[in-house]
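**Student:** when you get a sec, could you give me coordinates for this:
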Amino acid sequence: MQIGDLESMAIGRALAAQSHELKNVLAIVGEAAGLMEDLLELYRTQRPEGAIPAEMAARMDKALGSITAQVERGHRMTTDLNMLAHMPDRRLEHTLPDVDLGQITALACRFLERSARRCQVTLVPPPCVGVTVPADPQRCMAACMVLLEWLYLPLEPGGVIAPQPVALDPALDIDAMADLGSMPEGTARLLGAAGLSLEPCGGRLRLTLKGVSNDQRHTRVACG
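**Tutor:** Numbering: from 1, shown residues only. A predicted model of the protein is given here:
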């Protein structure tokens, strides 16, 4: 095991522990909001003569609805964080895990959502491809994030990147125009180390997960 793997595992375990604790916090907040909704409804039912003024009731309902929506959003975010946190552990397995490029790219899109929004660009997470390939999920994740950033940063405000699965292939078609010759060397190396290829295909870019062998799993990537 290499030093880099130990570092990733340590950080991943810390992140996993905190994401689990955040889920507990969100569960408590969600239960409290639900209890408040039940109490309000009970008050309205049993004491109609002393009902809360309509305007105030509407504001309270809206506030509780917002809390519930944010708790659900928080659960989705912590699920993503937990998935990311456990990626380094997959490197301990004797054989590489099967990776779905759509799932990894969707995760990268969600993590980059805030950054893309600041550029007034929309990233649309793709569905699962359905075809898996043995690969290093952590390296695939890093490569997808770096690639997506390279693709969306030059876009005009209002731009959209929405990768679409290719039927029966571990690949995604990306409706984006880019000069592959201008890709930074480090990005190209990272894609290659992750077992990913990016090629023009019918006016789009096709990202394909070709995978890596067990012998290649610890390949060091120089990005300079």
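**Student:** mind giving me the packing neighbours of the helix or strand encompassing Arg76?
**Tutor:** With secondary structure defined by DSSP states H and E, Arg76 is part of helix 54-85. Packing contacts for helix 54-85, counted by 3 or more Cβ pairs under 8 Å, 6 or more residues apart in numbering; DSSP states H and E, involve helix 3-46, helix 101-111. C-beta: built from backbone N, CA, C; applies to glycine.
**Student:** buried sites along it?
**Tutor:** Neighbour-count burial for helix 54-85 flags 64, 67, 71, 74, 77-78, 81-85 (criterion: 16 or more other Cβ atoms under 10 Å).
**Student:** what angle sits between that helix and helix 101-111?
**Tutor:** Helix 54-85 runs at 130 degrees relative to helix 101-111, counting by axes from the mean of the first three to the mean of the last three Cα atoms, to 10 degrees.
**Student:** residues touching Glu113, list them.
**Tutor:** For Glu113, the contact set (Cβ atoms under 8 Å, 6 or more residues apart in numbering) comprises Leu123.
**Student:** which stretch in the helices and strands packed on helix 54-85 has the least confidence?
**Tutor:** Mean pLDDT per stretch puts helix 3-46 lowest among the helices and strands packed on helix 54-85, at a mean of 84.
**Student:** elements contacting it?
**Tutor:** helix 54-85.
**Student:** what mean pLDDT does the helix it packs on have?
**Tutor:** Per-residue pLDDT over helix 54-85 has a mean of 90.
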